[in-house]
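> Using only what follows, build the 3D model:
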Amino acid sequence: MRPTLLIVAAVLLLGNGYAAQPSQAVSANVKTLLQGHFDNREQVDKAPAGADQPIPHVSVTIEPTPQADWMLWHVRIDTDAETSYEQTWAFETRVEHDGSGALVPYYQLKQSATPAAATFDPKDWLSLEACSLRGDFSKGTITGMSEGEPCVAVSMSVGARRALLPVGIEREGEWLHLDMNLRSVRTRIDAKRVP
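Numbering: from 1, shown residues only. This next block holds a predicted model:
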């Protein structure tokens, strides 16, 4: 009976260690699909004129860091010709216990300059675990969404910058579709990969 208990304990420990570490396949898939520059200029140009809540111009540059499972997302929103907002988020790729994928966002408490991917250190960033984008990260696909109320509660500490935090994601062909809470309204951003 004792050897059986040891085997069960070993399997549980190995299983928990495996679940906590992203598989190389998931991490590679995420990097391949998300790395690059995305811009919603086409969506802005096609939007009807005179809307109460016009679609802002959004650009997102996603770059890998020296840490295998981390990326920096540089998000810029131009609300008009004179006003723009920028924020860089760190995202950690993870495989959850049920096999689904997750992009866990992190932020810097006082981000005074644009962080560089080459010098990225996860110790300098704070987790927004409740805003993780969880979903299907299988080959060629990334779709995920954060949980509404827990994310809102946690992201209040970020202040106005939370408007630049994606709360939903879908990667399709050349498109990166993001859901963002702009002006307290969930807004779909359709950004195309650009050179």
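> Which neighbours in the sheet does the helix or strand Ser59 falls within have, and how are they oriented?
Per DSSP states H and E: Ser59 is located in strand 57-64. Strand pairing for strand 57-64, determined by DSSP bridges: strand 36-39 (antiparallel), strand 70-78 (antiparallel).
> looking at those, which is closest to Asp190?
Comparison of the strands paired with strand 57-64 against Asp190 by Cβ to Cβ identifies strand 36-39 as nearest, at 9.4 Å. The way it works is simple: take the backbone N, C-alpha and C, and place the C-beta from them, glycine included.
> still on that earlier bit, so which of the strands paired with strand 57-64 gets nearest Thr187?
Judged by Cβ to Cβ, the one of the strands paired with strand 57-64 that comes nearest to Thr187 is strand 70-78, at 10.2 Å.
> if we look at the closest one, which residues are touching it?
Identification of contacts with strand 70-78 by Cβ atoms under 8 Å, 6 or more residues apart in numbering yields 30-31, 34-35, 56-65, 84-93, 114-115, 117, 120, 122, 163-166, 182.
> Those residues in helices, which ones?
30-31, 34 (DSSP state H).
> would you list those in a markdown table and tack on distance to Val152 and neighbour count?
Shown next, in a markdown table, are these (distance: Cβ to Cβ, whole Å; neighbours: other Cβ atoms under 10 Å):
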| residue | distance to Val152 | neighbour count |
| --- | --- | --- |
| Val30 | 25 | 23 |
| Lys31 | 29 | 17 |
| Leu34 | 24 | 22 |
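> okay, the residues you listed in JSON lines with distance to Asp78 and pLDDT next?
As requested, those are exported to JSON lines (distance: Cβ to Cβ, whole Å; pLDDT from 0 to 100):
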{"residue": "Val30", "distance to Asp78": "27", "pLDDT": "89"}
{"residue": "Lys31", "distance to Asp78": "27", "pLDDT": "86"}
{"residue": "Leu34", "distance to Asp78": "22", "pLDDT": "95"}
